[in-house]
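> What would the 3D arrangement of this be:
(chains A and B)
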Amino acid sequence: MNKTYNNRAWLMVLPVVILVAFSAVIPLMTVVNYSVQDTFGNNEFYWVGLEWYTEILNSPRFHDALLRQFFFTGVILSIEIPLGIFVALHMPKKGAWASVCLVLMALPLLIPWNVVGTIWQIFGRIDIGLLGATMEAIGVDYNYTQNITDAWLTVVVMDVWHWTSLVALLCYAGLQSIPDAYFQAAKIDGASRWAVFRYIELPKMHRVLLIAFLLRFMDSFMIYTEPFVVTGGGPGNSTTLLSLDLVKMAIGQFDLGPAAAFSIVYFLIILLMSWIFYTAMTNYDKGEQQ
Amino acid sequence: MAEIHLKNLAHSYLPHPAGSADYALKKIDHVWEDGKAYALLGPSGCGKSTLLNIISGLLIPSEGQVLFDGKDVSRLPTEQRHIAQVFQFPVVYDTMTVYDNLAFPLRNRGHDEDVIATRVKDIAQMLELTPDLKKKARGLTADAKQKISLGRGLVRQSVAAILFDEPLTVIDPHLKWMLRMQLKALHKQLNRTMIYVTHDQTEALTFADKVVVMYDGDVVQMGTPQELFERPAHTFVGYFIGSPGMNVLPAHVDGAQAYVEGCNVALGRGYPGISGSNVEIGVRPEFTHLTSGREGLPVTIKRIEDIGRMKIVRADFFGREVNITVPDGQPIPLDANRIVFDPSRINIYCDGWIVNGEAA
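Residues are numbered from 1 along each chain as shown, chains lettered A, B, ... in the order given. This next block holds a predicted model:
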């Protein structure tokens, strides 16, 4: 095929370039700019090179937050993915109940993040919250503002409540797209319920599962609003996840340089992890085809 | 292997069917012989898939029974019926190899691995799948996948009947023919009862010993391909089988004579006492001939289609289309303006159904 070269075609790309520049490149570069400089106010900046990066990467505070973050993401992924699949498998496939289920499942997803946080913050309060007061009444020692385990439990349960629906809905869509003939063939072949799941449903769902996994990974790794509203990162620093820590550093202490370096490292970690998951899963996909 | 008896079978998807229009499958009573190949032929929505699902056990009939070798299986679940089914779209277990796919039904039934290995190898050989055994099933072509579906049915020695639900729909035309030949050869070799659902008459006629023609929930005729061609029991069968379909013209019949639009047609048999407004004569295009002169029905030739082995003449008879086929090499008279029928090939229909005459 003969290609026509016309440099004016670049003009066509210009709107996108401008849009991306203002929405992503320029803000990101501002952060990069802060991360290699120091300031003592008055808008005077000094070049410090990679000093902030070394500091952040060697700071126990960052390590702890990162560890908590991985722990949190690991826990909610290992609950939400299997639970989402389980829920999707048990949702009615057709009829009026299917619609009712879909609406009910979608509800948590429609609630704004800070409202979710507020709901659980009040729900768990031992003086007026339904959950907290009930626990108190039946004699369970539960107090998310003072007990680390309780705080973690509350944040994890809240996230599971908020986001399992997303996984379930994605899986449900994946399940609905399997032609009936597969299930009929499995019946004829005498397959057990487990075999139907293992050899038909799971393989047919693996694409939507990849999407669900990536979305939940990225979202949970960036979680801020809900734990901020419920625990504020406490008690102590026990539920201070990466983003909470970052905001404390940037806005609470106004350490622009370290916070900027923190942001860049944070961003690179998410990018790297997403890339690893994505390649691992698509490679698995390719391997399957041979 | 089994003889299949459909005893007073009927099915409606409605809980309280009122009239016959509510039935997806109207009452039938048939015995299908062991080891024969049957084709269920009919247009979409005629009830052939309903019937197939009743036989396979995916659907429980609302009335009547299905007997396999005299044993009532109407309410048995699919997996206990010893049937195999090949679906319209190839069903393979994506993550498994071809070998595992074929072994799956046996493993589910707890057979020994060495028994499975011999069985799978035999079947793979029969279906010419041996070179692909180690490959993942999902990378294969549609026709190979259909063979795997079939193979999963064949590995089970106890299979009473193999059901095919339009299995060649997604197969490339040049492979369709090959696969059909293979199926036919397999049927000869295995001697198992096979039931084949299709809306393609060529498929049905080449595959089956007996073709069951269905129309609007009813079995209108069950017979050999030849019977369907020569004596369609219903005008629908006449239209549906054969290409082009049978010529059907409203007529008035008196004894061994029919009058079509006032023209006299001699019949091979006598039909005394036939009356009613809805009498028709049906003649296949193959037994309709063009002539010129005074005898026969006057027609105007509209167009001639040359399809290679024969020519199809589309003609107009008082506003009705009449088709005549002329074998290749035979000339079409230029002044042809009339048609005549082979008297012995004329069928008489009353309200759509064939009427048997008496020897004249």
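> so where's the stretch 151-290 of chain A shaky on pLDDT?
The model of the stretch 151-290 of chain A has pLDDT under 70 over residues A:287-290.
> Recalculate using a threshold of 50.
Applying pLDDT under 50 to the stretch 151-290 of chain A flags the ranges A:290.
> Flag every residue of it that's near chain B.
Within the stretch 151-290 of chain A, the residues that sit near chain B (C-beta under 8 Å from any C-beta of the partner chain) are A:179, A:181-182, A:184-185, A:187-192, A:195, A:199-200, A:203-204, A:288-290. All C-beta atoms are positioned from the backbone trio N, CA, C, and that covers glycine.
> Please list only the buried members of these.
For those, a neighbour count by 16 or more other C-beta atoms under 10 Å in any protein chain shown gives the buried set as A:181-182, A:184-185, A:187-191, A:195, A:199-200, A:203-204.
> Tabulate those residues (JSON lines), appending secondary structure.
Listed next are these as JSON lines, based on DSSP: H, G, I helix; E, B strand; the rest coil:
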{"residue": "A:Ala181", "secondary structure": "helix"}
{"residue": "A:Tyr182", "secondary structure": "helix"}
{"residue": "A:Gln184", "secondary structure": "helix"}
{"residue": "A:Ala185", "secondary structure": "helix"}
{"residue": "A:Lys187", "secondary structure": "helix"}
{"residue": "A:Ile188", "secondary structure": "helix"}
{"residue": "A:Asp189", "secondary structure": "coil"}
{"residue": "A:Gly190", "secondary structure": "coil"}
{"residue": "A:Ala191", "secondary structure": "coil"}
{"residue": "A:Ala195", "secondary structure": "helix"}
{"residue": "A:Tyr199", "secondary structure": "helix"}
{"residue": "A:Ile200", "secondary structure": "helix"}
{"residue": "A:Pro203", "secondary structure": "helix"}
{"residue": "A:Lys204", "secondary structure": "helix"}
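> quick check, nearest of those residues to B:Gln182?
Relative to B:Gln182, the closest of these is A:Ala185; by C-beta to C-beta it sits at 20.3 Å.
> Is it correct that the closest one is in contact with B:Leu150?
No: between A:Ala185 and B:Leu150 there is no contact under C-beta atoms under 8 Å: 11.4 Å.
> Show me what the residue at minimal distance from the centre of chain B bridges to in the sheet.
By C-alpha atoms, centre = their mean, chain B has its centre lying nearest to B:Leu41, at 2.9 Å. Counting by DSSP bridges, B:Leu41 is bridged to B:Thr198, B:Val213.
> B:Val237 is in contact with that one, correct?
No: look at B:Leu41 against B:Val237 with C-beta under 8 Å: they stay out of range, at 9.2 Å.
> where do the contact lists of those two overlap?
Residues touching both B:Leu41 and B:Val237 (C-beta atoms under 8 Å, 6 or more residues apart in numbering or on different chains) are B:Val213.
> what residues are up against A:Ala173?
With C-beta under 8 Å, 6+ apart, A:Ala173 has these contacts: A:Val208.
> That one - that's part of a helix, no?
Yes: assessed with three-state DSSP, A:Ala173 lies in a helix.
> mind checking how far it is from A:Asp285?
Noted for A:Ala173: a distance of 18 Å to A:Asp285, by C-beta to C-beta, to the nearest Å.
> ditto for B:Ile346
The gap separating B:Ile346 from A:Asp285 is 64 Å, by C-beta to C-beta.
> Mind checking which of the two has more residues around it?
Using other C-beta atoms under 10 Å in any protein chain shown as the criterion, B:Ile346 and A:Asp285 rank with B:Ile346 on top: 21 against 12.
> ok, the more buried one - contacts?
With C-beta under 8 Å, 6+ apart, B:Ile346 has these contacts: B:258, B:265, B:267-268, B:281-283, B:287.
> rerun at 7 Å
Residues counted as contacts of B:Ile346 (C-beta atoms under 7 Å, 6 or more residues apart in numbering or on different chains) are B:267-268, B:281, B:283.
> Which residues of chain B lie near chain A?
B:58, B:78-79, B:83-85, B:87, B:89, B:91, B:93-96, B:104-105, B:108-109, B:136, B:138-139, B:152 (C-beta under 7 Å from any C-beta of the partner chain).
> Among the residues you listed, name the buried ones.
By neighbour count, with 16+ other C-beta under 10 Å, the residues of chain B next to chain A hold B:58, B:78-79, B:83-85, B:87, B:89, B:91, B:93-96, B:104-105, B:108, B:136, B:138, B:152 as buried.
> does the closest residue to B:Leu127 other than its chain neighbours sit in a helix or strand, and which one?
Nearest residue to B:Leu127, sequence neighbours excluded (C-beta to C-beta, 6 or more residues apart in numbering or on different chains): B:Lys147, at 4.6 Å. Assigned by DSSP states H and E, B:Lys147 falls within helix B:142-154.
> starting at the chain centroid, how far to that helix?
In this view, helix B:142-154 has its centroid 22 Å away from the chain centroid, taken as C-alpha atoms, centre = their mean, to the nearest Å.
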